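Novice: generate a structure from the sequence data that follows.
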Amino acid sequence: MDVTSSGSHLVVSTGADALATSSVALLSTSDDSRVSIPTTEHWLASLAFNPNRSRVYTVGVSSNYFQLYSAAMVEEADAVPLGGESVFEVVASIPKHGIPDVGAIVSGPQSLDPEGNCLYFVNDDILRLWGIDLSSLSKTPTFVAGAGGLGVEDGAASMASFYDPKAVAVTPDGCNLLVAQRNGYLRLIRLGTPCGPTLSVQTVAAYDTIGLYGLALRANGASLHVYLGSTDEHVFELEIDQLLMNTSSREMMASPSSSSQPPPVLDPGVPSSDSPGSDDLVNVVISPVSFPSSLSLPASDPSIVLSSSQVAPTAPLVKASKRDPVQPVVLIVVPVLSAAAVGVIACALFLNFRSHCCRLKEPPGGGKGCASIEVPMNSGGGSSVERPTETTVLSYSKDGCLCPEGDVQLPDVTEFTLAELCECTGDIHSRNIIGRAGAFGTVYRGKLGNQEVAVKIMHG
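Specialist: Modelled structure (predicted):
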């Protein structure tokens, strides 16, 4: 969906069942009238305007091809931009499962470069970013970035990975692409020149509550406003200094070590103690509801320094989630802890619990302080190795704790494959989320056989 240059109409691509064809619909912003322009396709997947909005592009999906269509826009007084005389012509035919295998074509309102020559698109099947040079004769998709595996690795174009990319937009200078992902990450792709080769891929922000789908840009002088829509009904605004993003120079190539750095931390609910200095390069503004926002973004790349900024209260930019009537405080946090750190924390908590509960001392007045009972411990199911039933002695202390005497005998650990976990949680679908996400990840409801389970997904 996009709006015409005059603002008179919204232009929307539609889908249809197998017995009908799709159309491009124009919805009037003044009187609610509607005009539909039919096409020969059953399903239209994307819609985008060129920068001067003189042409509209849409993608038809058939059984064997992706067809890129284009039609001229007419902006005249009291005239519908697309009418019965408008003809959608085939610009390019891209075979499904061809060479290259693009998987799908998902573009958006700002997916073309400033000259209208390069159309960028993403897909969540092949997990790569592609471009089409519309001025070329072949119009063959060209690889932009993505190793093809599910992940969030930064770095060189062929080594970086994406996690279900959902939207792509081109900055006004044509030298940068921004990609929103289903796991809540916002990625920055630097190009050597407009429509040129990729220099690097970097994570610039992360929202760990749920995924990002919508993406739009608005240039305002030296500032670039990035608008992100999430699936929990929030809209975020990020303000970035465009001077920093002038990446046509190869000096802006990312450091090889940048992929090991965590994504930036954004916390609009906690004021920063740092005052912006004269050397600040980027101010990022997140405005949930209407309270003043401030956040701190630790740099994940030495070439980008993201600083804190205080702003005055603004009009509401975030719609409160229907599941939570309380005024939301949106946290965009780093969801990464190393496995070693998690292990150390778990051991420390267990030892502290054991020392608190299991003081095997005689109470004042003599006599034993704990009574012993035997509890059978059986190994679980799944892919674990079966072993005979064992027993361990637990001490029942006066403070109500059951604690093992001597060495702890743990049951076998059951291992499950990623495919099994995806299947039991409906492909880790957002409808199966239990409660709010915590610092370590999101919990999903699932079912293994006849048993209901909870699965925590940690992004890292």
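Novice: the nearest residue to residue 1 once chain neighbours are set aside: what secondary structure?
Specialist: Excluding its sequence neighbours, the residue lying closest to residue 1 (C-beta to C-beta, 6 or more residues apart in numbering) is residue 12, at 4.8 Å. For every residue, glycine as well, the C-beta is placed using N, CA and C. What DSSP: H, G, I helix; E, B strand; the rest coil gives for residue 12 is strand.
Novice: show me what contacts residue 12?
Specialist: Each residue near residue 12 by C-beta atoms under 8 Å, 6 or more residues apart in numbering is listed here: 1, 24, 25, 26, 27, 47.
Novice: specify the beta-bridge partners of it.
Specialist: Assessed by DSSP bridges, residue 12 has beta-bridge partners residue 25.
Novice: okay, the closest residue to residue 207 other than its chain neighbours: pLDDT?
Specialist: Among residues not flanking residue 207 along the chain, residue 184 sits closest, at 3.9 Å (C-beta to C-beta, 6+ apart). With respect to pLDDT, residue 184 has a value of 89.
Novice: ok, now how distant is residue 184 from residue 159?
Specialist: Note on residue 184: its distance to residue 159, by C-beta to C-beta, to the nearest Å, is 22 Å.
Novice: those two: who's more crowded?
Specialist: More crowded of residue 184 and residue 159, by other C-beta atoms under 10 Å: residue 184, with 26 against 15.
Novice: you'd agree that one is up against residue 230?
Specialist: Yes. The criterion here is C-beta atoms under 8 Å, and residue 184 meets it with residue 230 at 7.4 Å.
Novice: touching both of these two, which residues are there?
Specialist: 207, 209, 210, 211, 212.
Novice: low-confidence stretches in this structure?
Specialist: 16-19, 75-86, 244-412, 436, 438-440, 459-460 (pLDDT under 70).
Novice: domain-wise, how is it divided?
Specialist: Residue ranges for the domains of the chain, per automatic domain parsing: 160-336, 339-361+368-404, 418-457.
Novice: can you count the residues close to the closest residue to residue 134 other than its chain neighbours?
Specialist: Using C-beta to C-beta, 6+ apart and skipping the chain neighbours, the partner closest in space to residue 134 is residue 117 (5.5 Å). A total of 17 residues lie near residue 117 under the criterion other C-beta under 10 Å.
Novice: residues contacting residue 117?
Specialist: With C-beta under 8 Å, 6+ apart, residue 117 has these contacts: 133, 134, 135, 195.
Novice: how close does it sit to residue 13?
Specialist: 22 Å.
Novice: same question for residue 456.
Specialist: Look at residue 456 and residue 13: by C-beta to C-beta, they are 38 Å apart.
Novice: of those two, which one has the most company?
Specialist: residue 13 (24 against 12).
Novice: thinking again about what came up before, farthest-separated two in the shared contacts of residue 184 and residue 230?
Specialist: Pairwise distances across those peak at 10.2 Å for 209 and 212 (criterion: C-beta to C-beta).
Novice: name the residues contacting each of those two.
Specialist: By C-beta under 8 Å, 6+ apart, the residues touching both residue 209 and residue 212 are 184, 230.
Novice: so who does residue 210 touch?
Specialist: Residue 210 makes contact with 184, 230, 231, 232, 430, 433, 437, 442 under the criterion C-beta under 8 Å, 6+ apart.
Novice: kindly report the same for residue 59.
Specialist: 44, 45, 46, 66, 67, 68, 69, 105, 107.
Novice: make it 7 Å
Specialist: Shown in contact with residue 59 (C-beta atoms under 7 Å, 6 or more residues apart in numbering): 44, 45, 46, 66, 67, 68, 105.
Novice: would you list those residues in TSV and tack on secondary structure?
Specialist: As requested, the contacts of residue 59 are exported to TSV (three-state DSSP):
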residue	secondary structure
44	strand
45	strand
46	strand
66	strand
67	strand
68	strand
105	coil
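Novice: TSV for the residues you listed, including neighbour count and distance to residue 93?
Specialist: Compiled in TSV, the contacts of residue 59 are given as follows (neighbours: other C-beta atoms under 10 Å; distance: C-beta to C-beta, whole Å):
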residue	neighbour count	distance to residue 93
44	23	15
45	19	14
46	21	15
66	22	8
67	20	6
68	23	8
105	23	12
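Novice: from those, which is closest to residue 154?
Specialist: Using C-beta to C-beta, residue 105 is the member of those that lies nearest residue 154, at 24.8 Å.
Novice: my guess is the closest one meets residue 66, correct?
Specialist: Yes. Contact criterion C-beta atoms under 7 Å: residue 105 and residue 66 qualify, at 5.0 Å.
Novice: which parts of stretch 237-244 are buried?
Specialist: 237, 238, 239, 240, 241, 242, 244 (16 or more other C-beta atoms under 10 Å).
Novice: in this structure, which spans are helices?
Specialist: With helices called from DSSP state H, the chain shows them at 339-357, 418-424.
Novice: now do residue 89: how many residues are near it, please.
Specialist: Residue 89 has 9 neighbours, counted by other C-beta under 10 Å.
Novice: identify the bridge partners of the residue lying closest to it once chain neighbours are set aside.
Specialist: Leaving aside its sequence neighbours, residue 89 sits nearest to residue 70 (C-beta to C-beta, 6+ apart; 5.9 Å). Beta bridges link residue 70 to residue 57, residue 89, judged by DSSP bridges.
Novice: please report how far residue 128 lies from residue 31.
Specialist: Applying C-beta to C-beta to residue 128 and residue 31 gives a distance of 43 Å.
Novice: those two: which has the busier surroundings?
Specialist: residue 128 (24 against 7).
Novice: got the contact list for the more buried one?
Specialist: Applying C-beta under 7 Å, 6+ apart to residue 128 gives the contacts 143, 146, 148.
Novice: swap the cut-off to 6 Å and go again
Specialist: Remark: with contacts taken as C-beta atoms under 6 Å, 6 or more residues apart in numbering, residue 128 is in contact with residue 146.
Novice: quick check: it vs residue 147, distance?
Specialist: Per C-beta to C-beta, residue 128 is found 8 Å from residue 147.
Novice: residue 132 - nearest residue in space that isn't next to it in sequence?
Specialist: residue 119 (4.7 Å).
Novice: just give me the neighbour total for that neighbour.
Specialist: With other C-beta under 10 Å as criterion, residue 119 counts 29.
Novice: make 887 the starting number, not 1.
Specialist: Okay, using 887 as the starting number, the last item reads as residue 1005.
Novice: ok now do it, which residues does it touch?
Specialist: Here residue 1005 is in contact with 997, 998, 1018, 1020 (C-beta under 6 Å, 6+ apart).
Novice: repeat for residue 1095
Specialist: Shown in contact with residue 1095 (C-beta under 6 Å, 6+ apart): residue 1323.
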